[in-house]
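Undergrad: Pasted the sequence and its predicted model underneath.
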Protein chains: 2
Amino acid sequence: MDVFEAIKGRRSCRKFLPDDVDDSALDAILEAAVWAPSPANNQPWEFIVIRNKDVQERIYEECDACKKMLFEKSGWKWVEKYRLDFLQEAPVIIAVIGDPQKTGADMFLEGGGSAYQHACTAAIQNMLLAAHALGLGTLWFTLFDQEITKSILHVNPSKNLIALVCLGKPGVESMQTPRTAVQEKTRYV
Amino acid sequence: MDVFEAIKGRRSCRKFLPDDVDDSALDAILEAAVWAPSPANNQPWEFIVIRNKDVQERIYEECDACKKMLFEKSGWKWVEKYRLDFLQEAPVIIAVIGDPQKTGADMFLEGGGSAYQHACTAAIQNMLLAAHALGLGTLWFTLFDQEITKSILHVNPSKNLIALVCLGKPGVESMQTPRTAVQEKTRYV
C-alpha cells in the first residue's frame, strides 16, 4: 500500500473479529516498529505480544476500574460510555514498553528525558500503518494504571508501559474522524 | 512509495542541499502529519514552517550553546563532536508544537498528561515517512532549550516545542543505522 494511502486511511478500530492474526503479518508489524528513529539509535522499545485470554481479561478488568476512576475525576460523559470490550476481543494486544535509561542527551535538558517515549510512539505509528496496509485494524490505547498493568505483564519496574496496541481484523468499518485543515494549524516564518 | 519501503528506507539526514522544497511537497508532508491519531481526536499539534535564514541562524546559535551545555553535563564525546550545520543549511525547518491542554483523560492518571506529545510524535513520524517517499531527507531534532527556542519562534508559553524537523534534499546518502532484531526485543504471553 502506498504510504500516503496508509497514513490517510488508517483508523482507530474498536471492534475486532475473533480471527487470529497470521504470524507473518504480526512479524511484519513488529519489524516495522524497530525502523523508527530513536535518540542516538538507542532503540528504547520492547514488545510483549499478548494472546492469552486470561491475561487479556485481567487487563480488561483493571482498565475498566481505571476508566471508572477517570470518569469520577474528569466527569467526562464519553469516558463513562467508552466500552473497553476491544481489550477482550482483540486476538492480539501488543504492549509497547519504553526504557527511560535509553533516552538521549535530552535527559540533561530542563523538562527533558522523554525522547525515549517519543521514539516508542514513532514505532507505534509505524505499527499502525503497517497493520493497516495488511488489512488489519489497530487501537492505540493508553487509559491504564501504569503500575498495575506492568505488574500483570511482569514488566521491570524501571521501564514504562507506553501503550497497549490492540490488533486484529476489523469487525466494522471505522468512520474517518475529521481533521482541522493543516493550514489552520500552520504559521509561516 | 510502498509503506514498508518508506518505513525501512527512511534515514536521519544531517546534510542538506540548498535547493528549496516545493510547496506541493511541503503541503503533502504537513497534510500527512494531521492524519496521526490523537487522544479523543484532540489534534494537539501546530506547525511553524521556517524558511527565514535569520531565524534559522538564531536557532542554530542557541542550539549550539545548548549543545555545549549538554556536553559539559554529559561528558559524552559524541555530543561535543555533533555538528549542527543542518540547522543553518536545511531549506526548511518545521517546528512541531504541542498543546498540553489537548491531552486526553490520561491527564488524570499518575504520571499521565503526555498523550498529547505522543500524538505529535506520531504526526512527526508520518511527516518523516511522507518526506522520504517524496525523495526528501529529514532530521528529527530535539536538543534545544525549550524556553529560548519558543521565544525565538513566538510560541505561546503554555504550549511545548516537541521537535524541530529539518527538511530538504539530502546532500549525502545516509547510512542505515543497524537495528537489534525485533525478536530479541519481544516476549510472547
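TA: It's in.

Undergrad: Tell me which residues are up against stretch A:106-121.
TA: The contact list for stretch A:106-121, computed with C-beta atoms under 8 Å, 6 or more residues apart in numbering or on different chains, reads A:36-39, A:42-45, A:96-104, A:160, A:162-163, B:66, B:69-70, B:73-74, B:114, B:117-118, B:121-122, B:124-125, B:142-143, B:145-147, B:162-163. All C-beta atoms are positioned from the backbone trio N, CA, C, and that covers glycine.

Undergrad: Quote the end-to-end distance of that stretch.
TA: Terminal residues of stretch A:106-121 lie 17 Å apart, using C-alpha to C-alpha, to the nearest Å.

Undergrad: Stretch A:80-90 too?
TA: Using C-alpha to C-alpha, one end of stretch A:80-90 lies 21 Å from the other.

Undergrad: Stretch A:128-138 now?
TA: So stretch A:128-138: terminal residues 6 Å apart, C-alpha to C-alpha.

Undergrad: hang on, the earlier thing: which of the contacts of stretch A:106-121 count as buried?
TA: A:36-39, A:43-45, A:96-99, A:102-104, A:160, A:162-163, B:66, B:70, B:114, B:117-118, B:121-122, B:124-125, B:142-143, B:145-146, B:162-163 (16 or more other C-beta atoms under 10 Å in any protein chain shown).

Undergrad: Go through these and flag which are in strands.
TA: In strands, judged by DSSP state E, the following of the buried ones among the contacts of stretch A:106-121 are found: A:45, A:96-98, A:160, A:162-163, B:162-163.

Undergrad: Please convert those residues to TSV, extending it with distance to A:Arg179.
TA: Formatted as TSV, these follow (distance: C-beta to C-beta, whole Å):
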residue	distance to A:Arg179
A:Trp45	27
A:Val96	24
A:Ile97	30
A:Gly98	27
A:Asn160	29
A:Ile162	24
A:Ala163	21
B:Ile162	18
B:Ala163	20
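
Undergrad: all strands for chain A, in order.
TA: A:45-50, A:92-98, A:137-141, A:160-168, A:186-188.

Undergrad: would a markdown table of these with mean pLDDT and distance to chain B be doable?
TA: Output for those, formatted as a markdown table (pLDDT from 0 to 100; distance: least, C-beta to the nearest C-beta, whole Å):
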| stretch | mean pLDDT | distance to chain B |
| --- | --- | --- |
| strand A:45-50 | 98 | 4 |
| strand A:92-98 | 98 | 8 |
| strand A:137-141 | 98 | 6 |
| strand A:160-168 | 98 | 8 |
| strand A:186-188 | 98 | 4 |
